[in-house]
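> Sequence and predicted structure are below.
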Protein chains: 4
Amino acid sequence: MPSIWNNGLKISIFGESHSEAIGVVIDNLPAGKPIDMAQVRNFLRRRQAKPDGTTTSRIEPDLPQVLSGLINDTTTGTPLCLMVQNTNTHSSDYDNLKTTVRPGHADYTGFVKYHGANDIRGGGHFSGRLTACMVAAGAICGQILASKGIYAGAHLLSVNHIEDQKLDSISITKQQIEQLQALPFPVIQEKTRTEIIDLINDARMNLNSVGGVVECIAIGMPAGIGSPIFDGIESILSSLMFAIPGVKGIEFGRGFECTKLYGSENNDEFYIDDANQVKTKTNNHGGILGGITSGMPIDFRVAFKPTASISTKQHTIDVKTYQNTTLHIVGRHDPCIAVRAVPVVEACCNIGLLSAFILEHGLD
Amino acid sequence: MPSIWNNGLKISIFGESHSEAIGVVIDNLPAGKPIDMAQVRNFLRRRQAKPDGTTTSRIEPDLPQVLSGLINDTTTGTPLCLMVQNTNTHSSDYDNLKTTVRPGHADYTGFVKYHGANDIRGGGHFSGRLTACMVAAGAICGQILASKGIYAGAHLLSVNHIEDQKLDSISITKQQIEQLQALPFPVIQEKTRTEIIDLINDARMNLNSVGGVVECIAIGMPAGIGSPIFDGIESILSSLMFAIPGVKGIEFGRGFECTKLYGSENNDEFYIDDANQVKTKTNNHGGILGGITSGMPIDFRVAFKPTASISTKQHTIDVKTYQNTTLHIVGRHDPCIAVRAVPVVEACCNIGLLSAFILEHGLD
Amino acid sequence: MPSIWNNGLKISIFGESHSEAIGVVIDNLPAGKPIDMAQVRNFLRRRQAKPDGTTTSRIEPDLPQVLSGLINDTTTGTPLCLMVQNTNTHSSDYDNLKTTVRPGHADYTGFVKYHGANDIRGGGHFSGRLTACMVAAGAICGQILASKGIYAGAHLLSVNHIEDQKLDSISITKQQIEQLQALPFPVIQEKTRTEIIDLINDARMNLNSVGGVVECIAIGMPAGIGSPIFDGIESILSSLMFAIPGVKGIEFGRGFECTKLYGSENNDEFYIDDANQVKTKTNNHGGILGGITSGMPIDFRVAFKPTASISTKQHTIDVKTYQNTTLHIVGRHDPCIAVRAVPVVEACCNIGLLSAFILEHGLD
Amino acid sequence: MPSIWNNGLKISIFGESHSEAIGVVIDNLPAGKPIDMAQVRNFLRRRQAKPDGTTTSRIEPDLPQVLSGLINDTTTGTPLCLMVQNTNTHSSDYDNLKTTVRPGHADYTGFVKYHGANDIRGGGHFSGRLTACMVAAGAICGQILASKGIYAGAHLLSVNHIEDQKLDSISITKQQIEQLQALPFPVIQEKTRTEIIDLINDARMNLNSVGGVVECIAIGMPAGIGSPIFDGIESILSSLMFAIPGVKGIEFGRGFECTKLYGSENNDEFYIDDANQVKTKTNNHGGILGGITSGMPIDFRVAFKPTASISTKQHTIDVKTYQNTTLHIVGRHDPCIAVRAVPVVEACCNIGLLSAFILEHGLD
């Protein structure tokens, strides 16, 4: 379904970059769950532009308005709609007549699909701005997951060739996850953080952009959630992650690296620990076997391409005149979309996990 | 949905490794499309065990029986059901009492999810045998796609550290795809093929296993297919690929590598070619922008972990006695599941592409 | 799916009677279709309260605000969100503490399902007010259907024992449908209209309420739309009609009456008419055979129960004290919900027909 | 979805009247539930032809074969596939060339939808024979419901103008439901039964057919199941009932009759009974308010048209020559499809109720 996600939870996202508003409807939430809207706003703040040069300098508050589904800060069980007004909708009308398609963007593919009728101002429905809706929904889901002892956190694992330390998918704690969420810039190691900020600033100064990998981990998910074949946790999460603009890959557990291991190296042996819990000694499987949670941390990485909007001259076509032409993009852009994507990945993880939980255990 | 995939096409897979039969129902197929069942059987033959030591030595014919949906070798438009009888269903009953879970398999997660009631003989519903259903469905879809000039092909890009040549995602032809499909062992370069066969045989002799990457490419897909946000081609294909047992990652176009490129390197510039077609000079986007096809070849890679069944002693638990124990797996197994996964990936690609096509253009 | 309808079109409805707003997201609409918002407002006006005593005296303007999906009065092809602000949201807080459940309402069933957490002010998400969302969505769909020569119209066939004339399901014209839509009170025969208005006013004066039947007909729908078994036109339309509060029955074509006919009376003989069109001489099948349109007018009737809110004393229970008690409902209510339901039925018919059309013919 | 039903349970039906087999896949069943296949066969036997002249004289055993999903008579939790071989598949090939469409059947609408490619032998996928799949699935679901104290039963409420007694939707017991299920001919009152059998035999002798109404009731369903708006119990059950060939109407509780009642007559007052249970004094709401179960018996009636196959000469068209023509149907047919539809309605009720239950309470 185009902009509706249909699993245990149902998520409907609407809006365009320059329409009146963007928003999200979250349907089939359990009723009676307390929601702290200040925490939701905090989550959204993590997605906002940063003053360190690593993002666009246009900072929008993105305060979500609750249209329905919450009363006295508690879920009613009926559709919860969060809306964010678009405040910068006074773009000149001629914007919509722009027919020079930007390389790396959905301008051309959207033009073909919608026969030229779609709203292209600011990227329209393809805009990264729509990820605010994912974050808002994921923030709600995260609070419900927390009430069940389930927590997800993400960070920027790498930008270009610079790598942060990998999360420990065996022993990571709730406290460490909260520390991730509190980072002003989502890199764990201080030295790496500085290097990455410098790298991104360099790219920006050079009218260029860089890509990166976001790593996400979730703990506390009980074993036995998810389904074989088409509704496994990997299918659920990947369908959500590829909904985030700029994502070109996803891997779970040891991921592509496990293709270079022997079975004897990659298999995770089970054991019963001192607390009488079933664990695996290693976690190359990323907490998922046969599409079903094993009880170990769920661990995956998402590849973000470098921002498509770069300010150097590019060759492209004009879809109206159907001629080759060149393009010089002006304006402010994130030189590395992976930075602000960190809370988006974490939010989408929350959506997927709560959804799978509900499918198995219902709404009680 | 557990074992039903619901997109433009609807695919329902049933069966267990040792149940009476396995099968697949394909619903919402266009009516009146000629299907050559010999070709379907050929496609299934590509998934069969091979005599070169790279797969299990147990060769099953896997001849699919058409239960409905075809008449005079033409789709009726109503559900097409293909069934494959399980011929080896006389496994001793005690098999089902086995409670020592195999590392890397879904034995433990399935036990928790199904409260111990699932059929575990031969892996039950989690068995790689179920991929025959995917292949059968994908073989049908592939023939309908071919009637629209759309062709997908796959090969084994790497096993452990040995790499075959990458497909040319700019200029690959229908003939090259057909050559891929005709390979007795799915590696392009002859020297690499020998090395890979040797490597797999070595692993088997050492009671071990290896992983690999399958690369798949599709040509002829028109621009404008797919949807933004939740129903993009990447989401559609990834939800299908993670349905294949042993998949731990997927990447489109340049994939994870693009996280190490600058925007100026990664952006694919558009141009109108001599035949008045819109093309991109490079194809780092893998034929998909904003979830929608660009008209360029669709190109992705899928990571398969090393076979979990290895014959060396492993530590694990017994779920019935809830005790730590050890396990020594006997019997014949594929030392590298990626080999026989090649046609499965290609088949699932066919399913996804036909499905997306129908969503956009209907059943006409 | 709770408040999301997933067919060719996807409709997500959100809001509660006293939440900030109610609204609807319509996803998978064809792109580039002109929409006249004045007509949408007109359609909504047909659902508004009337000054003739047959409805509540509380008249709300219900002006929908377009949040996304329309640009220059043309569908963009991305989700179209229409929102209606709730202006009367200052209901005293104690309202939400009311625990005496009203007979005939969803107070009790909602309380059990949502564990008492749902918003019960004004009926919450169960309020008839949410039907404004259906009307808004159906008004959009109706304009797209009209561009294909498909038109639906509805009227009040009966209230209590007083019956309006049945529509002619063989020869009804577009002009007659437009006349239906223009009626200030949706009854065709003038004499009957007066009788029905009087009857409803009498019921209101007696602190009572009455039920009624809404008849709906659609013309211009081509043959061959809809699917056998689970996705027939009757299943599609009935799933939508039972979404309207107060509906207790639906019948297509001759409906329940055909159970009293002989096959020779009920069968509709086919013939090719002078314009070389396939027709049936009678239309007892209501334009649908085997779930698929026949090209004849689609004709159905929907039963609405008498308004549950009546001002006479009723016995009931208090769900908090878990005691028997009595209830005396005060306030203004529609004495006959079927009156304002007429455009709702017509709107839901539009949604269902456009949705089925898209499933068959795609978005082109 | 055409022949797949997607709710809490997922049901995929395949097959044509003269294909190799028909069958049904039931997905998302709870694991570990004991199933008595003898009971399933009994349920199917209720749908078989009868020797009393009220049905076709062609009695097929319709023994379902379990292909997957059951082990040791217990659900595995993975897809349960039941198949019924078609034994009479040697119909002459010319059958498929028949292009004179039968009035009241889906021959014409199917021809248009499938462009003439569908299998029309014996009605193909539209055949009443496919209801055996619904019965098989409903028989499985019924046994799981019974383990939760939920029971559904149906009978023939009327044939033409002859009416059986209505079920008591306040106080009906499990024993009375079991008596319904044990009736050799599904009419409660002995005198009425004889009259109905005579009436049907008369119709048959006159080369004609009659219609009827099936009443179904379910007890033991806890309150709080179902959802507002699009996924209410009425929407769920009606979408299933209209999947049964020949159904033209459905009503819940007092149904169409309630349109002739005053609110004071129709409202069902709540009270807490001596066993401290919430009840309503009357049950005009048929156990459903706002789409959600109230805990009272669920009660509905389904209208079946007279059998379309009658042996008198009828006018119709030939879709190949596109000419008016006449038709004389020969062969054996049920003179009243409502008779054998009784267990089909009951089965589909079981499917709907278990599905809604799972959506609310999960698979535990």
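Yep, that arrived. Residues are numbered from 1 along each chain as shown, chains lettered A, B, ... in the order given.
> what mean pLDDT would you report for the helix or strand A:Phe43 falls within?
Counting by DSSP states H and E, the element that carries A:Phe43 is helix A:37-47. Mean pLDDT, computed over helix A:37-47, is 96.
> what about that helix, near chain C?
No: shown here: helix A:37-47 not in contact with chain C (CB under 8 Å from any CB of the partner chain), separated by at least 12.9 Å. For glycine as for every other residue, the C-beta is placed from the backbone atoms N, C-alpha and C.
> CA-only coordinates of that helix, as PDB, when you get a sec.
Provided in PDB are the C-alpha atoms of helix A:37-47 (Å, rounded to 0.1, in the frame of the first residue of the first chain):
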ATOM      1  CA  MET A  37       4.100  14.200  24.600                       C
ATOM      2  CA  ALA A  38       7.200  16.000  25.900                       C
ATOM      3  CA  GLN A  39       9.100  12.800  25.100                       C
ATOM      4  CA  VAL A  40       7.600  12.700  21.700                       C
ATOM      5  CA  ARG A  41       8.700  16.200  21.000                       C
ATOM      6  CA  ASN A  42      12.200  15.300  22.300                       C
ATOM      7  CA  PHE A  43      12.300  12.500  19.900                       C
ATOM      8  CA  LEU A  44      11.400  14.800  17.000                       C
ATOM      9  CA  ARG A  45      14.000  17.300  18.200                       C
ATOM     10  CA  ARG A  46      16.700  14.600  17.600                       C
ATOM     11  CA  ARG A  47      15.700  14.700  13.900                       C
END
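> Counting by contacts, list what it packs against.
Applying 3 or more CB pairs under 8 Å, 6 or more residues apart in numbering or on different chains; DSSP states H and E, one finds that helix A:37-47 contacts helix A:131-146, helix A:337-361.
> Tell me what angle the shortest one forms with helix A:337-361.
Direction vectors for helix A:131-146 and helix A:337-361, defined by axes from the mean of the first three to the mean of the last three CA atoms, to 10 degrees, enclose an angle of 40 degrees.
> what helices or strands is helix A:131-146 leaning on?
With contacts defined as 3+ CB pairs under 8 Å, 6+ apart, helix A:131-146 has these neighbours: strand A:10-15, strand A:21-27, helix A:37-47, strand A:80-85, strand A:151-159, helix A:337-361.
> Show me how far the third one is from its chain's centre.
Put plainly, it is helix A:37-47. 14 Å (CA atoms, centre = their mean, to the nearest Å).
> what residues does that helix touch?
Here helix A:37-47 makes contact (CB atoms under 8 Å, 6 or more residues apart in numbering or on different chains) with A:62-64, A:66, A:70, A:73, A:82, A:131-132, A:135-136, A:138-140, A:142-143, A:181, A:186, A:340, A:342-344, A:347.
> Pull out the buried residues from those residues.
When the contacts of helix A:37-47 are checked for burial by 16 or more other CB atoms under 10 Å in any protein chain shown, the buried set is A:62, A:64, A:66, A:70, A:82, A:131-132, A:135-136, A:138-140, A:142-143, A:181, A:186, A:340, A:342-344, A:347.
> Would you mark the buried spots in the helix holding A:Phe43?
Using 16+ other CB under 10 Å as the test for burial, helix A:37-47 gives A:37, A:40, A:43-44, A:46-47.
> circling back: show me which of the helices and strands packed on helix A:131-146 has the highest average neighbour count.
strand A:10-15 (a mean of 30; mean count of other CB atoms under 10 Å in any protein chain shown).
> Is it in proximity to chain D?
No: applying CB under 8 Å from any CB, one finds strand A:10-15 out of contact with chain D, separated by at least 10.1 Å.
> Checking the next helix or strand after the helix holding A:Phe43 against chain D, do any of its residues make contact.
Sequence order places strand A:65-68 as the next helix or strand after helix A:37-47, per DSSP H and E. No: Strand A:65-68 lies out of reach of chain D by CB under 8 Å from any CB, never closer than 12.4 Å.
> try stretch A:219-237
Yes: counting by CB under 8 Å from any CB, chain D is contacted by stretch A:219-237 at A:227-228.
> Can you give me the end-to-end span of that stretch?
Stretch A:219-237 has an end-to-end distance of 15 Å (CA to CA, to the nearest Å).
> beta partners for A:Thr280?
In this entry, A:Thr280 is beta-bridged to A:Phe270, by DSSP bridges.
> so how many other residues sit close to it?
24 (other CB atoms under 10 Å in any protein chain shown).
> cool, A:Gly362 as well?
By the measure other CB under 10 Å, the count of residues near A:Gly362 is 18.
> can you list the helices and strands packed on helix A:131-146 in TSV and add distance to B:Leu359?
Output for the helices and strands packed on helix A:131-146, formatted as TSV (distance: least, CB to CB, whole Å):
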stretch	distance to B:Leu359
strand A:10-15	17
strand A:21-27	21
helix A:37-47	30
strand A:80-85	26
strand A:151-159	31
helix A:337-361	22
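> For A:Gly263, which non-adjacent residue is closest in space?
In space, and not counting its chain neighbours, A:Gly263 is closest to B:Ser209: 3.4 Å by CB to CB, 6 or more residues apart in numbering or on different chains.
> what does A:Asp231 give?
Per CB to CB, 6+ apart, closest to A:Asp231 is B:Pro2, 5.2 Å.
> now that neighbour: how far from A:Gly362?
15 Å (CB to CB, to the nearest Å).
> low-confidence ranges in chain A?
Applying pLDDT under 70 to chain A flags the ranges A:58-59, A:88-97.
> what about 80?
Scanning chain A with the threshold set as pLDDT under 80 gives A:1, A:56-62, A:88-97, A:331-332.
> Residues of it that sit close to chain D?
Counting by CB under 8 Å from any CB, the residues of chain A near chain D are A:28, A:78, A:227-228, A:358-364.
> residues touching the nearest residue to A:Gly104 once chain neighbours are set aside, list them.
In space, and not counting its chain neighbours, A:Gly104 is closest to A:Ala308: 2.8 Å by CB to CB, 6+ apart. Residues in contact with A:Ala308, defined by CB under 8 Å, 6+ apart, are A:102-105, A:209, A:246, B:263, B:267.
> quick one, helices of the stretch 101-250 of chain A?
Per DSSP state H, counting those that start in this stretch, the stretch 101-250 of chain A carries helices over the ranges A:107-113, A:131-146, A:174-182, A:190-205, A:233-241.
> who touches the shortest one?
The set of residues external to helix A:107-113 that reach it, using CB under 8 Å, 6+ apart, is A:99, A:101, A:118, A:120, A:124-126, A:317, A:319, B:223-228, B:270, B:278, B:288-290, B:292-295, B:360, C:31, C:77.
> Would you confirm that A:Glu195 contacts A:Ile162?
Yes: the pair A:Glu195 and A:Ile162 qualifies as a contact (CB atoms under 8 Å) at a distance of 5.1 Å.
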